[in-house]
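>>> sharing a model that was predicted from the sequence below.
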Amino acid sequence: MKYAVDLGRPFGIRVSVHWTFLLIIAWVIFIDLQQGLDLQQIVFSVLFVLAIFVCVVLHELSHSLMARRYGINTRSITLLPIGGVADLEKMPDDPRQELAVSLAGPLMNIAIALVLWLFLAMTGGLDFEPSNFQEINHSNFLLILMLANLMLALFNLIPAFPMDGGRVFRSLLALKMARDQATYVAMNIGKMFAFFIALWGLYTNPFLIFIAIFIYIGAQREYELVKYSSVLAGYTVEHVLMHEYTPLHPDDPIRRAVDILLDGPEQRFIVTEAGKVRGILTRNDIIQGLTRYDQQVAIRNIMNTGVTTFSHDTSLEKAYEQMRTQQITMAPVLKGEQLAGIIDMDNINEFLMVRRALRR
């Protein structure tokens, strides 16, 4: 994620913090100053926020390590003001596996709270007098952290998709119905919870409105992904392979690409040499190349050489997800080392519309 600083790689998983996380620290300091707290009290407030986000990292690591048991890797964990986001390659298709992955995070928070409770019970720190919660200090720091972890677990278990509780709900539904139908039900319930959370935030804490927006958008996005996956399942990239395209050579002048661009609908080109892919040329590459070079300069000077390719038997669902994640609009398809054709997002989306229409 852009504008994120790496914190380390526990268990080989990159953990980073987004710069907007500093807004939480600034907000806490601002509120404490408004209340007239002294420097020591402000320091304890900031340390408490940092401790909470350590617990959030452990929460996300639990999801990631459970997913790893089922052969699913995690690209990264990013800390945001709304919490942590574990970028899993995908959620398990098996409802039982998804249930285990979804419960792993809240169970970690409960485990942290249990450890803190045992420690406080042995040291006499379980003081629940109301006066003990007026401010955070050295005597109640762990007690409030214990309660915060319980609240994190309970909040995450709210059945608001795509939160953990919503995924638990979806996985239980998927035991009795198709995954896309279960996701549709979970999405609508998640949107209802988002509405009530936003309403609650209007009267209590405006920060809850941002969480509600995240839930609403996330629920819709998750449903779209599952809907597309259910349609694409069982197909390979050969089913959407395009053979009608104009290959360019690395030594062709930019002028040739310009002529083709202006003469027809093609806006993206494969650059090949001896049947092998050497690069990709987009409309933006051509325009930028014209501002820097003469039209007779070779295409090799402006083409993109970092090309994502797919084998002809690659799952269409996998290719679509990778292209969407990497924001790739076109990709070459290879059979062995030779170019077999190309796929692009426009054609995949047309295939989706056709298949969905046929299903109806």
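Sure, I can see it. Residues are numbered from 1 along each chain as shown.

>>> what residues does the helix or strand containing residue 184 touch?
Using DSSP states H and E, residue 184 falls within helix 179-203. Contacts to helix 179-203, defined as CB atoms under 8 Å, 6 or more residues apart in numbering, come from residues 93, 95, 158-163, 166-167, 169-171, 173-174, 207-209, 211-213, 215-216, 218-220, 222-223, 226-227, 230. Every C-beta, even on glycine, is put in place using the N, C-alpha and C of the backbone.

>>> try stretch 271-291
247-250, 254, 257-258, 261, 267-270, 297, 299-305, 307, 309, 329-330, 332, 334, 337-339.

>>> between the two ends of it, what distance do you get?
End-to-end distance of stretch 271-291 (CA to CA, to the nearest Å): 20 Å.

>>> pLDDT averaged over that stretch - what is it?
If you average the pLDDT over stretch 271-291, you get 87.

>>> if you count neighbours, what's buried in that stretch?
271, 272, 277, 278, 279, 280, 281, 282, 285, 286, 289, 290 (16 or more other CB atoms under 10 Å).

>>> among the residues you listed, which two are most distant?
277 and 290 (23.5 Å; CB to CB).

>>> out of the buried residues of stretch 271-291, which sit inside strands?
Using DSSP state E, the members of the buried residues of stretch 271-291 that fall in strands are 271, 272, 277, 278, 279, 280, 281, 282.

>>> hang on, the earlier thing: which of the contacts of helix 179-203 are buried?
Going by neighbour count (16+ other CB under 10 Å), the contacts of helix 179-203 have 95, 158-163, 166-167, 169-171, 173-174, 208-209, 211-212, 215-216, 218-219, 222-223, 226-227, 230 buried.

>>> related to what we said a few turns ago, what's the ChimeraX line that selects buried ones from the contacts of stretch 271-291?
Entered in ChimeraX, the line below selects the buried ones among those, by 16+ other CB under 10 Å:
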select :248,250,254,257,261,267,268,269,270,299,300,302,303,307,330,332,334,339
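
>>> in strands, which of the contacts of stretch 271-291 fall?
268, 269, 270, 330, 332, 334, 338, 339.

>>> need the contact list for residue 42.
28, 29, 32, 33.

>>> hmm, 6 Å instead?
Contacts for residue 42 (CB atoms under 6 Å, 6 or more residues apart in numbering) come out as 29, 32.

>>> centre-most residue in this structure?
residue 87 (4.6 Å; CA atoms, centre = their mean).

>>> which non-adjacent residue is nearest that one?
residue 75 (4.2 Å; CB to CB, 6 or more residues apart in numbering).

>>> from residue 15, how far out is that neighbour?
Using CB to CB, to the nearest Å, residue 75 is found at 11 Å from residue 15.

>>> with neighbour numbers in mind, choose between these two.
Between residue 75 and residue 15, counting by other CB atoms under 10 Å, residue 15 is the more crowded of the two (21 against 14).

>>> I'd guessed the more buried one sits against residue 76; true?
No. Between residue 15 and residue 76 there is no contact under CB atoms under 6 Å: 7.3 Å.

>>> show me what counts as buried in stretch 79-95.
For stretch 79-95, by 16+ other CB under 10 Å, it's 79-88, 91-92, 95.

>>> switch these over to TSV; also include pLDDT and secondary structure.
Formatted as TSV, the buried residues of stretch 79-95 follow (pLDDT from 0 to 100; DSSP: H, G, I helix; E, B strand; the rest coil):
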residue	pLDDT	secondary structure
79	81	strand
80	77	strand
81	71	coil
82	68	coil
83	73	strand
84	77	strand
85	80	strand
86	82	strand
87	82	strand
88	82	strand
91	81	coil
92	83	coil
95	89	helix
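
>>> between those, which is closest to residue 64?
Nearest to residue 64 among the buried residues of stretch 79-95, with distances taken as CB to CB, is residue 86, at 5.2 Å.

>>> assess the claim that the closest one and residue 77 are in contact.
Yes. Contact criterion CB under 6 Å: residue 86 and residue 77 qualify, at 5.0 Å.

>>> hang on, the earlier thing: the contacts of helix 179-203 in strands, which ones?
Per DSSP E, the contacts of helix 179-203 never map to strands.

>>> from those residues, which land in helices?
Residues of the contacts of helix 179-203 located in helices (DSSP state H): 95, 166-167, 169-171, 173-174, 207-209, 211-213, 215-216, 218-220, 222-223, 226-227, 230.

>>> buried residues, the lengthiest helix in the chain. List them.
Secondary structure of the chain per DSSP H: the longest helix is helix 39-69. Across helix 39-69, burial judged by 16+ other CB under 10 Å covers 42, 44-45, 48-49, 51-53, 55-68.

>>> and the angle for that helix with helix 164-174?
20 degrees (axes from the mean of the first three to the mean of the last three CA atoms, to 10 degrees).

>>> any idea of the mean pLDDT for helix 39-69?
Mean predicted lDDT for helix 39-69 stands at 90.

>>> equivalent analysis for stretch 314-327, please.
83.

>>> show me how far that stretch is from its chain's centre.
When C-alpha coordinates are averaged (CA atoms, centre = their mean, to the nearest Å), stretch 314-327 and its chain have centres 14 Å apart.

>>> same check, this time on stretch 165-178
20 Å.

>>> ok, now stretch 130-147?
Put simply, stretch 130-147 sits 34 Å off its chain's centre (CA atoms, centre = their mean).

>>> and if you look at stretch 74-86?
8 Å.

>>> isn't residue 73 right up against residue 89?
Yes. If you go by CB under 6 Å, residue 73 and residue 89 touch, sitting 5.3 Å apart.
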